[in-house]
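A.B. asks: Give me coordinates for this.
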Amino acid sequence: MPNAPKTKHRSVRIDDDDWADLAEQAPSGDRSAVIKDLVRWYLRRPDADLPERPVSSEEQTA
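C.D. replies: Coordinates of the predicted model:
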């Protein structure tokens, strides 16, 4: 079966600006990977690590 994902589609409400910024900052623009990493870390899964945060604009100018 073509395009049969392993997981169900989920919906969350996220501010438009945050959603756009997340796409710009996420590695390769993969917002879902960042969200999944955060959920696994939050739930304290044994193999989960907190995703690395992007450099802030203040850190870039310092």
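
A.B. asks: Now the residue nearest the centre of the chain: closest residue in space that isn't a chain neighbour?
C.D. replies: Residue closest to the average C-alpha location in the chain (C-alpha atoms, centre = their mean): residue 34, at 2.0 Å. Sequence neighbours aside, residue 26 is the residue nearest to residue 34 in space, at 4.8 Å (criterion: C-beta to C-beta, 6 or more residues apart in numbering). Using the backbone N, CA and C atoms, a C-beta is placed for each residue, glycine as well.

A.B. asks: mind checking the backbone torsions on that neighbour?
C.D. replies: When read as degrees, to the nearest 10, the backbone of residue 26 gives phi -70, psi 140.

A.B. asks: got it, and residue 11?
C.D. replies: Backbone geometry at residue 11, expressed as degrees, to the nearest 10, gives phi -120, psi 140.

A.B. asks: Quick check, pLDDT for it.
C.D. replies: Residue-level confidence at residue 11 comes out at 92, pLDDT.
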